[in-house]
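**Q** Here is a sequence with its predicted model. Questions after.
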Amino acid sequence: MALNKLKGQNFRVFVGSSAVPEASSCQVTISGNMEDSKTKDSEGSFGMEQMTSRSWSVQVDSYEATADSLIAVIQQFVSDGKVTVGWDETATTAGTQNRTPNNAAFARSGQAILNDFTISANNRTPIQVTRQFTGSGALA
Amino acid sequence: MDKGQHLRLFITENSSDKVVAMSTELSLHGSAQTENSTTKDTTDSTGAVWDENDVVGRTYDINFSALIASGTDTGGKTFADILAKVDDEIINWKIALASGEQNRTMGRIIVSGQGKFTNVQATGQVSQQAAYSGTINGYGPLVPGPQQHTNP
């Protein structure tokens, strides 16, 4: 069965239940921390690595530069709460701005902290927001 | 979609907000220090638990660039004004939408706070505009929105 290739604009990050508007790029990273559990009992020269913990993070760049959206970014940063962050495929349907989630098999979400942001406002270029979320707890 | 010139840095002095004149670039960067709070109480069916994190500290800084000009500018902060602030203990600043003549009329305030100039650098190269850049290291909380910053 043939698979449909997904274009970049249809792989989107969601904060809360909404796709990050005016997003231009995103990156999702899942990492496993491996530790060698080799002991003197182990025979041979190969390591015996075990996964001891997992972590995830999401970065998203956007041009969402209304006053409300900029203030929301800073409110999120200063808040002690965590926010639901995830990713999904979005439908390319006219009039939806590619924001409708498709509940793809690879869609995941979890609780995360906005641990880094940059608002860039340079002359003659659109205001850009870069956000990095660090996951806290499991992806579901 | 607003362009960069519509978001500007204002320095507050004697209850008066003055825009950084002839600025070309502005960025606000915030960073939260997180600490892994996973404990032996944390369970996971696979044995490799997901990291749980909590924020234990926050920092932020503002970077901007502007052109250097001679003369005075009563409506904005010039390189001379910024140099005069370098020795100040703490300055008050706001980042706000700007419009009107020379894009200097303060509109909606996005964020405000306090800070100190930690770096000011000027360059004067032949065949180029003389320019300077500054870094304000945040002091105390970032205050989102139109609430006015009050001294901690």
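**A** Ah, there it is. Numbering: from 1, shown residues only, chains lettered A, B, ... in the order given.
**Q** Setting aside sequence neighbours, what's the nearest residue to A:V58?
**A** Nearest residue to A:V58, sequence neighbours excluded (CB to CB, 6 or more residues apart in numbering or on different chains): A:F133, at 4.6 Å. For every residue, glycine as well, the C-beta is placed using N, CA and C.
**Q** For chain A, which segments are assigned as strands?
**A** Taking DSSP state E as the test, the strands found in chain A are A:11-15, A:18-19, A:23-36, A:49-62, A:83-89, A:108-120, A:128-135.
**Q** so what's the residue nearest to the spatial centre of chain A up against?
**A** Among the residues of chain A, A:V58 comes closest to the average C-alpha position under CA atoms, centre = their mean, at 2.6 Å. Going by CB atoms under 8 Å, 6 or more residues apart in numbering or on different chains, A:V58 touches A:V13, A:C26, A:Q27, A:V28, A:T29, A:V85, A:W87, A:A112, A:Q132, A:F133, A:G135.
**Q** bridging residues for it?
**A** Under the criterion DSSP bridges, A:V58 forms beta bridges with A:V28, A:F133.
**Q** Count residues in the vicinity of residue 43, would you?
**A** Assuming you mean chain A. Using other CB atoms under 10 Å in any protein chain shown, A:E43 has 5 other residues around it.
**Q** Oops, wrong one, chain B.
**A** Residues near B:T43, counting by other CB under 10 Å: 7.
**Q** again with B:I82
**A** 21.
**Q** Would you agree it falls within a strand?
**A** No - judged by DSSP: H, G, I helix; E, B strand; the rest coil, B:I82 forms no part of a strand; its state is helix.
**Q** Quickly note the distance from A:D80 to A:N102.
**A** 33 Å (CB to CB, to the nearest Å).
**Q** Which parts of chain B are helices?
**A** B:79-85 (DSSP state H).
**Q** What strands line up against the worst-scoring helix or strand of chain B on mean pLDDT, and which way round?
**A** Within chain B, no helix or strand scores below strand B:49-50, which has a mean of 88 by mean pLDDT, DSSP states H and E. Strand B:49-50 has its sheet partners listed here by DSSP bridges as strand A:49-62 (parallel).
**Q** A:K82 touches A:A112, doesn't it?
**A** Yes - counting by CB atoms under 8 Å, A:A112 is a contact partner of A:K82 at 6.2 Å.
**Q** okay, and the common contacts of the two?
**A** A:S136.
**Q** and stretch B:124-143, anywhere near chain A?
**A** Yes - residues of stretch B:124-143 contacting chain A under CB under 8 Å from any CB of the partner chain: B:P141, B:L142.
**Q** which parts of that stretch are buried?
**A** Neighbour-count burial for stretch B:124-143 flags B:A131, B:Y132, B:S133, B:G134, B:I136, B:G138, B:Y139, B:L142, B:V143 (criterion: 16 or more other CB atoms under 10 Å in any protein chain shown).
**Q** Could you pull up the mean pLDDT of the longest strand along chain B?
**A** In chain B, with assignment by DSSP E, the single longest strand is strand B:105-123. What strand B:105-123 shows for mean pLDDT is 95.
**Q** picking up where we left off before, between the buried residues of stretch B:124-143, which is nearest B:D54?
**A** B:D54 has its nearest neighbour among those in B:L142, at 18.7 Å by CB to CB.
**Q** Can you name the residues bridging to the closest residue to the closest one other than its chain neighbours?
**A** In space, and not counting its chain neighbours, B:L142 is closest to B:G113: 5.1 Å by CB to CB, 6+ apart. Counting by DSSP bridges, B:G113 is bridged to B:W93.
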